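J.: no letters, just coordinates:
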């Protein structure tokens, strides 16, 4: 075997340490350092230095919001590709424009995206004058809320976050930071704490009573968390700037408002927009009651 | 037109790479915001071009190649730094990158091993490395890429990976153990201002004659 010089060994001790040398060259280095105390010390030093760097260097993880952003963009890109391909297949601009409109409004072409027949009959704001309230009736048979576009991970994550906030409050894991029955007082508490003005909803029904609020977030978006008691049941209302997160749900008309309903882990979420704010009501009270409450929300004092 | 890939399938395959892409992007850009943008751009480009990915090759290296190209196309234009990585020599001492005064640790390696190295110092020292060295060091030493994978990701020959890694280690040792960065020492004077247009995209002088095991 060719003898290796100290200079040669020191030049390639790094690749040797990394296991990147072929066996013959690795053997030359090993033979040399077996008889050369100085090069052996150098080899130990190189191993120590790499070990220190690997052990101590900061290895940050990608923030969760990045995964959400990417998921959303990938799905948008996928839809764009499908529209383009369909347009090419039909050979006409009109076909592309029609499909693009469907995608843009998120209606999809699936009949499951339409609200089931039972939904409109269950809307109290359209039919429920004089109704006994709050209702604890279960949803009508066959009535199942589904997140429109359940494949939309971004919306799914938002929904999961919202339900999680409700769960934590119900299980006393999220103490309130301000406690008051007065919507004005609670709304004022959020002033200077959030980059948007929080308006705590007032409901017509005396059984729906505000308890207080706390700072919260949905994904990376700052949010206001409001806690209500509704006839002895807990209801969470999460307030966000409109357009700040992507939400899914079945669009339902109630009281002239469009409310997006979805269900998850046994609770229902009703999302409605008013004057630049998004309100997500979450509770295990009956979906029609939740819809009725959501339809009353106005972001004015 | 490219075949549309199911985004869920694509995410399943690429999700495990998100952290490493982000970390490498962070090493490149040294800005969390820019790193997130760079990773997002990389993922979208990879999604669009996924039908061109060859099964059986390294997805990690392929993605890193896209990230590297995206970085140089977009971000590097606004980065002006010394381009020591473009130099043809491979010995940091004779390059002038390592100064005489900082060589004490090379003479006394056992003593150097007694010195504590702080985590935050390591991060800062890596960020001070010249760009071409930093990317090779991040991929191989921190992320555990083989030389071949790093070469694929950076579109440089394996010999270049070896020589840059060698030089990066010497510069870091000087910085962390002798407390003297190559910029502070003035040892690298005369190397600034190069645009290094070919440094990452094309081969540079093959100076390491060894074969690699992999």
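T.: Structure received. None of the values given here were measured: they were computed from a predicted structure.

J.: helix or strand: which one has residue A:43?
T.: helix A:37-56 (DSSP states H and E).

J.: what about stretch A:272-287, distance to the chain center?
T.: Centroid separation between stretch A:272-287 and its chain, computed with Cα atoms, centre = their mean, to the nearest Å, is 16 Å.

J.: oops, could you answer that again for stretch A:245-259 instead?
T.: Worked out by Cα atoms, centre = their mean, stretch A:245-259 lies 18 Å from the chain centre.

J.: picking up where we left off before, state the next helix or strand along the chain beyond the helix holding residue A:43.
T.: helix A:64-90.

J.: for that next one, packing partners?
T.: Other helices and strands packing on helix A:64-90, by 3 or more Cβ pairs under 8 Å, 6 or more residues apart in numbering or on different chains; DSSP states H and E, are helix A:93-104, helix A:153-170, helix B:7-14, helix B:18-29, helix B:32-48. To be clear about C-beta, it is placed using only N, CA and C from the backbone, and glycine gets the same treatment.

J.: give me the angle between whichever strand or helix holds residue B:63 and helix B:18-29.
T.: Remark: residue B:63 resides in helix B:59-70, with elements defined by DSSP H and E. Relative orientation of helix B:59-70 versus helix B:18-29 (axes from the mean of the first three to the mean of the last three Cα atoms, to 10 degrees): 30 degrees.

J.: let me see the mean pLDDT of helix B:59-70.
T.: Across helix B:59-70, the average pLDDT comes to 92.

J.: next, the angle from that helix to helix B:7-14.
T.: Per the same axes, to 10 degrees, the angle that helix B:59-70 makes with helix B:7-14 is 100 degrees.

J.: helix B:59-70 near chain A at all?
T.: No. Judged by Cβ under 8 Å from any Cβ of the partner chain, helix B:59-70 makes no contact with chain A; its nearest approach is 12.3 Å.

J.: contacts for that helix, please.
T.: Applying Cβ atoms under 8 Å, 6 or more residues apart in numbering or on different chains, the external contacts of helix B:59-70 come out as B:13-14, B:17, B:20-21, B:24-25, B:28, B:38-39, B:41-42, B:45-46, B:49, B:53, B:135, B:139, B:145, B:149-150, B:152-155, B:200.

J.: thinking again about what came up before, quick one: which of the helices and strands packed on helix A:64-90 is nearest residue A:292?
T.: Evaluated with Cβ to Cβ, the helices and strands packed on helix A:64-90 place helix A:153-170 nearest to residue A:292, the distance being 18.2 Å.

J.: what lines up beside the next helix-or-strand element following the closest one in the sheet?
T.: Once helix A:153-170 ends, the next helix or strand along the chain (criterion: DSSP H and E) is strand A:178-179. Here strand A:178-179 has these sheet partners by DSSP bridges: strand A:208-218 (antiparallel).

J.: ok, and for the strand it pairs with, which residues are buried?
T.: By neighbour count on 16 or more other Cβ atoms under 10 Å in any protein chain shown, the buried set for strand A:208-218 is A:208, A:210-214, A:216, A:218.

J.: return the closest of those with respect to residue A:253.
T.: Nearest to residue A:253 among those: residue A:208, at 21.2 Å, using Cβ to Cβ.

J.: quick check: the gap between the closest one and residue B:48.
T.: The spacing between residue A:208 and residue B:48, counted by Cβ to Cβ, to the nearest Å, is 49 Å.

J.: biggest helix in chain B by residues?
T.: The longest helix of chain B (DSSP state H) is helix B:158-177.

J.: mind listing what the spatially closest residue to residue A:249 that is not a sequence neighbour touches?
T.: Excluding its sequence neighbours, the residue lying closest to residue A:249 (Cβ to Cβ, 6 or more residues apart in numbering or on different chains) is residue A:260, at 3.1 Å. Contacts for residue A:260 were tallied using Cβ under 8 Å, 6+ apart; they are A:148, A:247-252, A:270-272.

J.: by neighbours, which of these wins?
T.: residue A:270 (28 neighbours; other Cβ atoms under 10 Å in any protein chain shown).

J.: now that one. Nearest residue, chain neighbours left out?
T.: Nearest to residue A:270 is residue A:294, by Cβ to Cβ, 6+ apart, at 4.0 Å.

J.: quick one: the helix or strand hosting the one you found to strand A:208-218, angle?
T.: Using DSSP H and E, the element containing residue A:294 is helix A:287-295. Taking the same axes, to 10 degrees, one finds helix A:287-295 and strand A:208-218 inclined to each other by 80 degrees.

J.: chain center to helix A:287-295, what's the gap?
T.: Distance, centroid of helix A:287-295 to centroid of chain: 23 Å (Cα atoms, centre = their mean).

J.: list the buried ones in it?
T.: Those would be A:287-295, for helix A:287-295 by 16+ other Cβ under 10 Å.

J.: domains of chain A?
T.: In terms of domains, chain A is parsed into A:6-56, A:64-101, A:111-295 (source: automatic domain parsing).

J.: got the end-to-end distance for the first one?
T.: Distance between the boundary residues of domain A:6-56 (Cα to Cα, to the nearest Å) amounts to 30 Å.

J.: what sits against the residue nearest to residue A:6 when sequence neighbours are not counted?
T.: Distance criterion Cβ to Cβ, 6+ apart; nearest residue to residue A:6, sequence neighbours excluded, is residue A:39 at 5.6 Å. Contact partners of residue A:39, counting by Cβ under 8 Å, 6+ apart, are A:6, A:9-10, A:13, A:32-33.

J.: run the last query once more with 10 Å
T.: Residues near residue A:39 by Cβ atoms under 10 Å, 6 or more residues apart in numbering or on different chains: A:4-10, A:13, A:29, A:32-33.

J.: and it, what's its pLDDT?
T.: On the pLDDT scale, residue A:39 is placed at 90.

J.: if we can go back for a sec, Throw the contacts of residue A:260 into JSON lines and include pLDDT and secondary structure, thanks.
T.: Shown next, in JSON lines, are the contacts of residue A:260 (pLDDT from 0 to 100; DSSP: H, G, I helix; E, B strand; the rest coil):
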{"residue": "A:148", "pLDDT": "39", "secondary structure": "coil"}
{"residue": "A:247", "pLDDT": "73", "secondary structure": "coil"}
{"residue": "A:248", "pLDDT": "72", "secondary structure": "coil"}
{"residue": "A:249", "pLDDT": "76", "secondary structure": "coil"}
{"residue": "A:250", "pLDDT": "82", "secondary structure": "strand"}
{"residue": "A:251", "pLDDT": "83", "secondary structure": "strand"}
{"residue": "A:252", "pLDDT": "85", "secondary structure": "strand"}
{"residue": "A:270", "pLDDT": "91", "secondary structure": "strand"}
{"residue": "A:271", "pLDDT": "90", "secondary structure": "strand"}
{"residue": "A:272", "pLDDT": "90", "secondary structure": "strand"}
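
J.: can you tell me which of those is nearest chain B?
T.: Chain B lies nearest to residue A:248 out of these, by Cβ to the nearest Cβ, at 15.9 Å.

J.: am I right that residue A:236 is in a helix?
T.: No. In this structure, residue A:236 is strand, not part of a helix, as judged by DSSP: H, G, I helix; E, B strand; the rest coil.

J.: any weak-confidence spans in chain A?
T.: A:1-2, A:85-154, A:172-174, A:299-301 (pLDDT under 70).

J.: let me see the confidence value for the closest residue to residue B:125 other than its chain neighbours.
T.: Leaving aside its sequence neighbours, residue B:125 sits nearest to residue B:175 (Cβ to Cβ, 6+ apart; 4.3 Å). Here the pLDDT value assigned to residue B:175 is 85.

J.: which ones are touching residue B:18?
T.: By Cβ under 10 Å, 6+ apart, the contact set of residue B:18 is A:61-63, A:66-67, A:70, B:11, B:39, B:43, B:63.

J.: go again using 8 Å as the cut-off
T.: So residue B:18 contacts A:62, A:66-67, A:70, B:39 (Cβ under 8 Å, 6+ apart).
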